[in-house]
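S.K.: show me the folded form of this:
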Amino acid sequence: MNNRFNLLFYFKKPKKYTKSMLPIYMRISADCERTEISTQRKWDPTRWNADAGRAIGTKEDARALNAHLDTLQSKVYEAQRQLIAEREDVTIDNLKMKLEGKRARTKMLVGVFKEHNEKLKQLVNKDFSEGTLERYETALTHTISFLQWKFQVSDIDIHDLNYEFVTEMEFWLKSVRNVSHNTAVKYISNVKKIINICLKNGWLNKDPFLGYKMNKREVVREILSEEEINTISTKIFATDRLAVVRDLFLFSCYTGLAYADVKKLKRNEIAKGMDGEQWIFTQRKKTDSPSRIPLLPEALKILQKYENSPLCLNKGVLLPMPSNQKMNAYLKEIADLCGLSKKMTFHTARHTFATTITLTNGVPIETVGKMLGHRNLKTTQHYAKILDKKVSDDMMKLRHKLNARTPKETIEKTITE
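M.R.: Predicted structure coming up:
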């Protein structure tokens, strides 16, 4: 980065010069280039100190001229200081833009966003998943649409971003795009990452998100009860298509694996665990964190059912997974045929594993988190809500314990407490 420059005040003699007042110019040299700017002042050369670049004397006219030149010089040095602070090269063009009140080589939001997404694209399946790229691409599309709606422009200077921009984008997402609160927060958080890139690179001095709260609202997640699982598992379907989807869904109910992890599950990820039973040893696609899951008998039966499937053998996977879109569409059909009013998606199975299959049956939450591949307990608590049935069972045990006490024990307990 070039930060060096020179400044000189000098007389510029006209072609037909006669002994008279001469115009004073300010010459700025930087990066092997130079420019001359008129000071809008004239002065007598006989009253001029060429080395100092100032008028000679203490009279009022000399003091006024020198004060004017000092002001011009200060503006140039301030422009240089701002360019250095903004990590911009101190060039003639940049200095002139600063002196004219313009921004030097400004950054545009959509341009920075596209550059970020292009780099992310090259790291897919290395540091990021395809789903992460898809979310940022969608967030970029929404950002461009919002700029057209709000400002009738295709891009915006990052220095023009402010608190109003953020809140207006949230309003647009919820009203025009009709997305939920949590979905709007996700897209805005993607934009915030781009702003953080600008802040960390020194392109932006003020955070437009300052004071903006991005709190997700708690969502009641659909889970299936034990009775509903039995209804689905015993239902006889007229087509193999729905029977296969039912099996895949139940496999996730008994393993807790997400769609992407079931889809990529291979034979070499099934091995004997420390207890001699069959376990799943895999890496979660979303977080790349390890997941170790002992296979329950119901899950093993489903794996055995499809172990000779031509589709699985050709792809080298354990289960014949359709696309996520088709899977969710078929699950809706299954729910209707089984008389279930709940909105079922494939991820419902993961929630069901965390609650109905494990927590409700007394599996500690730390163990559940380990099998789900969570990095911290807070994430597990978010997925695995304690069911009313679990609360009821725990309170029933307490009732039995209290009822079993003799009157004497109850009195002594009360006095002790």
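
S.K.: where is the longest strand in the chain?
M.R.: Across the chain, the longest stretch assigned as strand under DSSP state E is strand 33-43.

S.K.: and stretch 279-297, end to end?
M.R.: 11 Å (Cα to Cα, to the nearest Å).

S.K.: re the thing from before, which residues does the longest strand of the chain contact?
M.R.: Contact with strand 33-43 is made by 9, 11-12, 21-28, 55, 65, 68-69, 72, 91-92, 95-96, 99, as judged by Cβ atoms under 8 Å, 6 or more residues apart in numbering. Using the backbone N, CA and C atoms, a C-beta is placed for each residue, glycine as well.

S.K.: dump it to CSV, keeping only the CA atoms.
M.R.: Provided in CSV are the C-alpha atoms of strand 33-43 (Å, rounded to 0.1, in the frame of the first residue of the first chain):
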residue,chain,number,x,y,z
GLU,A,33,1.9,11.1,-10.4
ARG,A,34,1.1,14.7,-9.6
THR,A,35,-1.7,17.2,-9.9
GLU,A,36,-2.0,21.0,-9.6
ILE,A,37,-4.8,22.7,-7.8
SER,A,38,-5.4,26.4,-7.8
THR,A,39,-5.5,28.1,-4.4
GLN,A,40,-7.7,30.9,-5.8
ARG,A,41,-5.1,33.4,-4.5
LYS,A,42,-2.5,35.7,-6.1
TRP,A,43,0.6,37.2,-4.4
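
S.K.: begin at 220, not 1, for the rest of this chat.
M.R.: Yep, numbering from 220; the last one is strand 252-262 now.

S.K.: how about that strand: buried residues?
M.R.: 258, 260, 262 (16 or more other Cβ atoms under 10 Å).

S.K.: which one of those is nearest residue 556?
M.R.: residue 258 (86.8 Å; Cβ to Cβ).

S.K.: how much space separates that closest one from residue 247?
M.R.: Going from residue 258 to residue 247 by Cβ to Cβ, to the nearest Å gives 12 Å.

S.K.: again with residue 444
M.R.: From residue 444 to residue 247 the distance is 78 Å (Cβ to Cβ).

S.K.: so these two - more neighbours on which side?
M.R.: Neighbour totals were compared for residue 444 and residue 247, and residue 247 leads with 21 against 16 (other Cβ atoms under 10 Å).

S.K.: any residues touching the strand or helix carrying the more buried one, and which ones?
M.R.: According to DSSP states H and E, residue 247 maps onto strand 241-249. Contacts with strand 241-249, where a contact means Cβ under 8 Å, 6+ apart, come from 221, 223-233, 253-258, 260-264, 284, 288, 291-292, 295, 309-311, 314.

S.K.: of those, buried ones?
M.R.: Buried by 16+ other Cβ under 10 Å: 224, 226, 228, 230, 258, 260, 262-263, 284, 288, 291, 295, 309-311, 314, out of the contacts of strand 241-249.

S.K.: strands of the stretch 420-569 of the chain, start to end?
M.R.: Residue ranges of the strands in the stretch 420-569 of the chain, as given by DSSP state E, counting those that start in this stretch, are 489-491, 497-502, 509-513.

S.K.: among these, which comes closest to residue 596?
M.R.: Evaluated over these, closeness to residue 596 peaks at strand 509-513, with 15.5 Å, by Cβ to Cβ.

S.K.: got the contact list for residue 594?
M.R.: Residue 594 touches 506, 508, counting by Cβ under 8 Å, 6+ apart.

S.K.: element containing it, please.
M.R.: With DSSP H and E as the test, residue 594 turns up in no helix or strand.

S.K.: residue 235 versus that one, what's the distance?
M.R.: 81 Å.

S.K.: name the helix or strand for residue 235, please.
M.R.: Using DSSP H and E, no helix or strand contains residue 235.

S.K.: want to throw the strands of the stretch 420-569 of the chain into TSV with mean pLDDT, mean neighbour count and distance to residue 431?
M.R.: Converted to TSV, the strands of the stretch 420-569 of the chain look like this (pLDDT from 0 to 100; neighbours: other Cβ atoms under 10 Å; distance: least, Cβ to Cβ, whole Å):
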stretch	mean pLDDT	mean neighbour count	distance to residue 431
strand 489-491	93	12	47
strand 497-502	92	18	35
strand 509-513	90	16	35
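
S.K.: got CSV for those, with distance to residue 473 too?
M.R.: Formatted as CSV, those follow (distance: least, Cβ to Cβ, whole Å):
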stretch, distance to residue 473
strand 489-491, 14
strand 497-502, 11
strand 509-513, 9
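
S.K.: hey, where'd the helices end up in the stretch 420-569 of the chain?
M.R.: Assigned by DSSP state H, counting those that start in this stretch, the stretch 420-569 of the chain shows helices spanning 445-453, 459-474, 478-482, 516-524, 529-534, 543-556, 565-571.

S.K.: winner for burial among these?
M.R.: Mean neighbours per residue, mean count of other Cβ atoms under 10 Å, is largest over those for helix 565-571, with a mean of 23.

S.K.: great, nothing more from me.
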